[in-house]
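K.L.:
The sequence and its predicted three-dimensional model are supplied below.
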Amino acid sequence: MILTDFHVLIFISAELLFGFILFRAGIEAIRVSRGWQPGSSSEAQIILERRTWLVSAALYYLSGFSLILLVLFLQIINNHLPGVIQGAMCADGILELNRYGYPALLLKLAQIPFLAFFLLFNWLDRREPEFPLTPLKYYWLAPLAIFWLSGFLSELIFFNQIEPDVIASCCSISFEAARLPGLAVSIETFGAVYWRIILFFLPGLVLLLNHYRRYVAAVLLSLAWTGLSLLTLKGYFVKFIYARPTHDCLYDILWAQYYGIGYVLYGLLLSGLIGQLFLLLWPVLQRRLKNPPLHLEQRLRLVVTVAQFLYLGLIGVYWWYWIFFKL
Amino acid sequence: MSCIRLESVHKVFQKDQPNELHVLRDINLELPPNQVTVIRGPSGSGKTTLLAVLGCLTKPNSGSYYCLGEPVSRWPEAFLTVFRRRHIGLIFQNFNLIPGLSVAQNLAAPLLVTEMKHSAVQQRVTETAGLVQISHRLQAPVETLSGGEMQRVAIGRALVNQPQIIIADEPTAHLDSALAAEILQLFALLHRNGNSIIIATHDPAVTTHLPVDRVFTMKDGQLSRHDSY
Amino acid sequence: MSAKYGHILDYALRGLYRRRARNLSLILIYAAVTGFFASVILFSDALRREARETLQFAPALTVQKLAGGRLVPQTTGFGDSLSAIRGVRAVQPRIWGYYYDSPTGSVFTLMAAPGGTSDPAFHPDSGQIVCGRGFMESHFLRTGDPLSLVLPQGGLRTFVISGQFEPVTNLLSYDLLLLHPAEARVMLGLAEYEVTDFALDIPNPAETDAIGLKISRRFPGYRLISRDQVLLTYEALFSRRGGLVIFGGLLSLLAFIVLAWDRASGLSREERRELGILKGVGWGSGDVLLLKFFEALTIAVLSSLLGLLAALIHVFYLGGTLLKSLLSGWSVLYPDYPLNYNPDSGSLLLILTISVLPYLVATLIPAWQGAVTDPAEIMQAG
């Protein structure tokens, strides 16, 4: 349906634009990485220095684009296609249409940390005249390119295999096709009380671990906490956002009728995770810098903690509002 | 501490090509702060390139340049730009004002990429305009100015960041002798205020209006010192 | 916000204003392209929704007989076998087909008035006909006028127009001709006991699939069409038509990008000189890049919003006049076809994305080229 549904068509075109810039930036990054001579004042080095500006600018663009494309993708699978595909109520049903749906979404999300890493590395790099992180920072482009390309291919196959075709759909054979099932796994257990208690205490533990610079443990715990957040959100908390005890969709909270609260919640989870991952890299990075920014580490810790507690606060507000005022 | 120190600086254009051009050859130069330095020499001798190196607009191919104690020749362009913005005022041969903008906007241009607040920028522009005596034309488009006024704006723009070092390339070239005298008196004032001044010029009038400390001559990319003009 | 960003944004806006003659023409062309593009998207989205609303009233399941892949008439008796199936409340035999109208060269839908409706306006007696507004207007007819139709075996039959479907009824009644069942049979060349297909009324929508399955097992060779599937057909049809026009739109957008590229990369002499001076007086490459980004963003957002506004007016106020013939209809859609639709944020985001991003991309490399101008150039230029 890529060629017939213009929402999809436009999305794919925008993805191609993204790929074009990534490709262009990648070529420049390879050129710079190959010829880079720190401290040299040769003509070639000056030209390479100028090329680094193109890569930086391109990656700023890509960061903005990737967020826009993510929202657009969610919009298509969550709002547009459910109106086109009979039987699908939200993104979950759409993504389950074939086995490329979820990989496409996850590969899209996976690009964001790499972009964030590049921007942070780039900022640190440009603070010192030796450019201590060039060409190291450009290595982030490799996983980014791989994730983009595989994500893009997944999207192509995913959309291409969705066929609301004239002939096929008018044929009695399509009656055999089952209606779309919801998420098969039952995760009701994550509504249980002890999971909620753990959810609310883990960020404190993360804070403590970060304080004592136990970053590996903190990353593992943050990952576990993020997973638990999603499971308890689906199993319990999301019902309070919908104000309907039977509804446990993770996508409907992105809709305007819920004030797009989903974007805020998922944004907090993602930024907490990115901050935590960067903290893991920080001790290694610090050694390469002559003049590391004084408060970066504290600020990253703050980002992690604020993101995690703000998330808890937000779902808590929905939860307690119901418990204290409505029940 | 010397204000400027060049150690065996070379600058080559079109390096490793058949039309390779050695513009600066083994330049060694040391200037103490708050002096007036004059560089003479026929056109094509490399004067302008030397000023570009001194003004941190370009980097030498080899040799070292220390400006205010900093090893600027080792820095990448981006850091040179910031250094230049903070410490060096450049006055170009042909004014290089931005057409379509007013005098005030031209004066403010270097301040727009700093973190100064809008009101502080306005105040600095007003002060600078007073210093170079162009306050009466602040809102005029620069195309409507006379040559002398244009040069005042160009000087004002070089001063607006309050640099320690002022570098001027032929500042009196397009002016008649009376206007040239006025401009040179302005340089004398800056010198009294504590600035280091480097001027490239053919104009013998500089010595009559300015307390010149050193005179150099450029020839074929090499620099030699004179004891007087 | 950092004071520097404010200064640079201010400088960018003033710069755009200074070169307003040049930028205005760019913005107008840009807005026109976006407007065309956005019209297509909004218009086909609106039609799509219209069809969806229309089909809410369609039968849950339709049973047709196929022979050699073609639709063939069925006997009325088959309806009894269908109504015997558990879960089917009622079976409505339907008589319909197409009528080729040589004067206009269009195909109209010819149908027998269904039983069950109470409105007498839709129950033409023998010798009467109720027409869709589209048919009436293309033939300059009014209620009460006589109308002659060509019989399948040759010769003419004259009817009196007893009523007209109002445009609000829907998309599909636009080209509809409604006749008395007996006369419809004559016009369509059907025998007295023959009908075109059967519409099944199934009160519980959850049972539709099971009933469909049951029928297709018990009566092979019959085609079953559910409401959902008809909806899909329309979706695909609209989308395909939309897709074709979008291709045209993409091409024009591409042409525009090339134009923008050309203009932006050919930074005028004055602009190039200005950037050189800014770099000479202490602007860094990053500052110039930011300046160029602000300029590009302003132009792109301004033009896109203008184009979007024009498209909204065109589609929802003027009824998409310029697009109708390209996009819609089985025959022809008519100018005053009303579209009631509040565009959703997804479509608007889509339009803005495809309009703004290409321009930003097209201006990135020229902006970079301007930004890395050698600051030493300023010393040389005479």
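P.N.:
Ah, there it is. Numbering: from 1, shown residues only, chains lettered A, B, ... in the order given.

K.L.:
rest of the way, CA atoms for contacts and neighbours
P.N.:
Will do.

K.L.:
so B:Gly55 sits right up against B:Ile91, yeah?
P.N.:
No. Using C-alpha atoms under 8 Å, B:Gly55 is not in contact with B:Ile91; the gap is 10.0 Å.

K.L.:
tell me, what's touching the two both at once?
P.N.:
Shared contacts of B:Gly55 and B:Ile91 (C-alpha atoms under 8 Å, 6 or more residues apart in numbering or on different chains): B:Ile167.

K.L.:
so what does the strand ranked longest in chain C touch, helix or strand wise?
P.N.:
Longest strand in chain C by number of residues (criterion: DSSP state E): strand C:156-164. If contacts are counted by 3 or more C-alpha pairs under 8 Å, 6 or more residues apart in numbering or on different chains; DSSP states H and E, strand C:156-164 sits against strand C:128-131, strand C:146-150.

K.L.:
any chance of the ones you listed in a markdown table, with mean pLDDT too?
P.N.:
Shown next, in a markdown table, are those (pLDDT from 0 to 100):
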| stretch | mean pLDDT |
| --- | --- |
| strand C:128-131 | 86 |
| strand C:146-150 | 87 |
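
K.L.:
Name the stretch among those strands that sits most buried.
P.N.:
strand C:128-131 (a mean of 26; mean count of other C-alpha atoms under 10 Å in any protein chain shown).

K.L.:
average pLDDT for the helix or strand following it?
P.N.:
For strand C:128-131, the succeeding helix or strand toward the C-terminus, using DSSP states H and E, is helix C:133-138. Mean pLDDT, computed over helix C:133-138, is 78.

K.L.:
Could you tell me which ranges of chain B sit under the pLDDT cut-off?
P.N.:
B:1, B:227-229 (pLDDT under 70).

K.L.:
quick one: the strands in it?
P.N.:
With DSSP E, the ranges of strands along chain B come out as B:4-13, B:21-31, B:36-40, B:62-67, B:88-91, B:165-169, B:196-200, B:214-219, B:222-226.

K.L.:
Dump those strands into JSON lines; add distance to chain C and mean neighbour count as well.
P.N.:
Output for the strands of chain B, formatted as JSON lines (distance: least, C-alpha to the nearest C-alpha, whole Å; neighbours: other C-alpha atoms under 10 Å in any protein chain shown):
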{"stretch": "strand B:4-13", "distance to chain C": "13", "mean neighbour count": "19"}
{"stretch": "strand B:21-31", "distance to chain C": "14", "mean neighbour count": "18"}
{"stretch": "strand B:36-40", "distance to chain C": "16", "mean neighbour count": "22"}
{"stretch": "strand B:62-67", "distance to chain C": "16", "mean neighbour count": "21"}
{"stretch": "strand B:88-91", "distance to chain C": "7", "mean neighbour count": "28"}
{"stretch": "strand B:165-169", "distance to chain C": "8", "mean neighbour count": "24"}
{"stretch": "strand B:196-200", "distance to chain C": "12", "mean neighbour count": "24"}
{"stretch": "strand B:214-219", "distance to chain C": "17", "mean neighbour count": "20"}
{"stretch": "strand B:222-226", "distance to chain C": "19", "mean neighbour count": "15"}
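
K.L.:
Pull the contacting residues for the residue lying closest to A:Leu95 once chain neighbours are set aside.
P.N.:
Using C-alpha to C-alpha, 6 or more residues apart in numbering or on different chains and skipping residues adjacent in sequence, the residue nearest A:Leu95 is A:Gly101, 4.2 Å away. A:Gly101 sits next to A:Ile94, A:Leu95, A:Ser154, A:Glu155, A:Phe158 when contact means C-alpha under 8 Å, 6+ apart.

K.L.:
do A:Asp248 as well
P.N.:
A:Lys234, A:Gly235, A:Tyr236, A:Val238, A:Lys239.

K.L.:
try 10 Å this time
P.N.:
Listed by C-alpha atoms under 10 Å, 6 or more residues apart in numbering or on different chains, the contact partners of A:Asp248 are A:Glu188, A:Leu233, A:Lys234, A:Gly235, A:Tyr236, A:Phe237, A:Val238, A:Lys239, A:Phe240, A:Ile241, A:Tyr242.

K.L.:
what bits of the stretch 201-327 of chain A have low per-residue confidence?
P.N.:
Using pLDDT under 70, the stretch 201-327 of chain A drops low at A:326-327.

K.L.:
what does it have sitting close to chain B?
P.N.:
Contact residues, the stretch 201-327 of chain A versus chain B (C-alpha under 10 Å from any C-alpha of the partner chain): none.

K.L.:
Which single residue of the stretch 201-327 of chain A ends up nearest chain C?
P.N.:
A:Ala256 (8.8 Å; C-alpha to the nearest C-alpha).

K.L.:
Check the gap between the residue of the stretch 151-300 of chain C found nearest chain B and chain A for me.
P.N.:
Relative to chain B, the nearest point of the stretch 151-300 of chain C is C:Gly282 (4.9 Å; C-alpha to the nearest C-alpha). Separation of C:Gly282 from chain A (C-alpha to the nearest C-alpha, to the nearest Å): 16 Å.

K.L.:
The closest residue to that residue other than its chain neighbours - how many residues pack around it?
P.N.:
Residue nearest to C:Gly282 in three dimensions, not counting chain neighbours: B:Arg85, with 4.9 Å by C-alpha to C-alpha, 6+ apart. When neighbours are counted by other C-alpha atoms under 10 Å in any protein chain shown, B:Arg85 registers 27.

K.L.:
Do I have it right that B:Arg85 meets C:Val281?
P.N.:
Yes. If you go by C-alpha atoms under 10 Å, B:Arg85 and C:Val281 touch, sitting 7.1 Å apart.

K.L.:
any shared contact partners between these two?
P.N.:
With C-alpha under 10 Å, 6+ apart, B:Arg85 and C:Val281 have common neighbours B:Pro110, B:Leu111, B:Ala158, B:Asn161.

K.L.:
Considering only these, which also neighbour chain C?
P.N.:
Counting by C-alpha under 10 Å from any C-alpha, the members of the shared contacts of B:Arg85 and C:Val281 near chain C are B:Pro110, B:Leu111, B:Ala158, B:Asn161.

K.L.:
any idea how far the closest residue in space to B:Thr126 that isn't next to it in sequence is from B:Val125?
P.N.:
In this structure, B:Thr126 finds its nearest non-sequential neighbour in B:Ser135, 7.0 Å apart by C-alpha to C-alpha, 6+ apart. To B:Val125, B:Ser135 is 9 Å away according to C-alpha to C-alpha, to the nearest Å.

K.L.:
how far away is the spatially most central residue of chain B from B:Met116?
P.N.:
Here the mean C-alpha position of chain B is nearest to the C-alpha of B:Ile167 (C-alpha atoms, centre = their mean), at a distance of 2.0 Å. Distance, B:Ile167 to B:Met116, using C-alpha to C-alpha: 24 Å.

K.L.:
I'd like the next helix or strand past the helix or strand where C:Leu357 lies.
P.N.:
C:Leu357 belongs to helix C:345-371 when assigned by DSSP H and E. Beyond helix C:345-371 on the C-terminal side, the first helix or strand identified by DSSP H and E is helix C:377-380.

K.L.:
Report all helices and strands that that following helix contacts.
P.N.:
Where contact means 3 or more C-alpha pairs under 10 Å, 6 or more residues apart in numbering or on different chains; DSSP states H and E, helix C:377-380 is packed against helix B:47-54, helix C:269-280.

K.L.:
contact partners of it?
P.N.:
So helix C:377-380 is contacted by B:48-49, B:51-52, B:57-58, B:90-96, B:169, C:273-281 (C-alpha under 10 Å, 6+ apart).

K.L.:
Kindly format the C-alpha coordinates of that helix as PDB.
P.N.:
Extracted C-alpha coordinates of helix C:377-380, given in PDB (Å, rounded to 0.1, in the frame of the first residue of the first chain):
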ATOM      1  CA  GLU C 377      38.800  36.400   1.900                       C
ATOM      2  CA  ILE C 378      37.800  39.700   3.400                       C
ATOM      3  CA  MET C 379      41.300  41.000   3.200                       C
ATOM      4  CA  GLN C 380      41.700  40.300  -0.500                       C
END
